[in-house]
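Chemist: Coordinates for the following, if possible.
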Amino acid sequence: MKVETDLEKIKLIGKQKEDENWKFRSYLKGLDIEAEELDKIVHEINNEVTLQIDCTKCANCCKVVYPFLDEEDAAKFS
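Modeler: Below you'll find the model as predicted:
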């Protein structure tokens with residue numbers, strides 16, 4: 001799988017496919033699959049993709065993505 005790393009292209013493609021992405025999220029929510037199984041699939045894809053990215057080149061994720069922690073997540077850190 002070829003991974004796009006140009007941030008401007010990623011932003012443009014994300015905007016162009018915004019409706020498609022929302023439909024896909026709705027589809028995933030409607031699946032009869034345990035959250036743990038879906039997480040396993042996502043982690044496998046993530047592992048494949050991150051092998052192709054040098055995070056030290058831009059560190060964009062650390063600049064623009066903020067974690068969302070609910071009370072259960074926050075409790076794990078205390």
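Chemist: With adjacent residues omitted, what lies nearest to residue 14?
Modeler: In space, residue 14 comes closest to residue 21 once its chain neighbours are excluded; the distance is 7.4 Å by Cβ to Cβ, 6 or more residues apart in numbering. For the C-beta atoms, the positions are set from N, CA and C on the backbone; glycine is no exception.
Chemist: Need phi/psi at that neighbour.
Modeler: phi -60, psi -40 (degrees, to the nearest 10).
Chemist: And the pLDDT at it?
Modeler: Looking at residue 21, its pLDDT is 95.
Chemist: Residue 29 sits in which helix or strand?
Modeler: helix 18-30 (DSSP states H and E).
Chemist: For that helix, list the C-alpha coordinates in PDB.
Modeler: Written as PDB, here are the backbone C-alpha positions of helix 18-30 (Å, rounded to 0.1, in the frame of the first residue of the first chain):
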ATOM      1  CA  GLU A  18     -15.400  14.300   3.600                       C
ATOM      2  CA  ASP A  19     -18.900  12.900   2.700                       C
ATOM      3  CA  GLU A  20     -17.500   9.500   1.800                       C
ATOM      4  CA  ASN A  21     -15.600   9.400   5.100                       C
ATOM      5  CA  TRP A  22     -18.700  10.200   7.200                       C
ATOM      6  CA  LYS A  23     -20.600   7.400   5.300                       C
ATOM      7  CA  PHE A  24     -17.800   5.000   6.100                       C
ATOM      8  CA  ARG A  25     -17.900   6.000   9.800                       C
ATOM      9  CA  SER A  26     -21.600   5.400   9.900                       C
ATOM     10  CA  TYR A  27     -21.100   2.000   8.200                       C
ATOM     11  CA  LEU A  28     -18.500   1.000  10.800                       C
ATOM     12  CA  LYS A  29     -20.900   2.000  13.600                       C
ATOM     13  CA  GLY A  30     -23.600  -0.200  12.100                       C
END
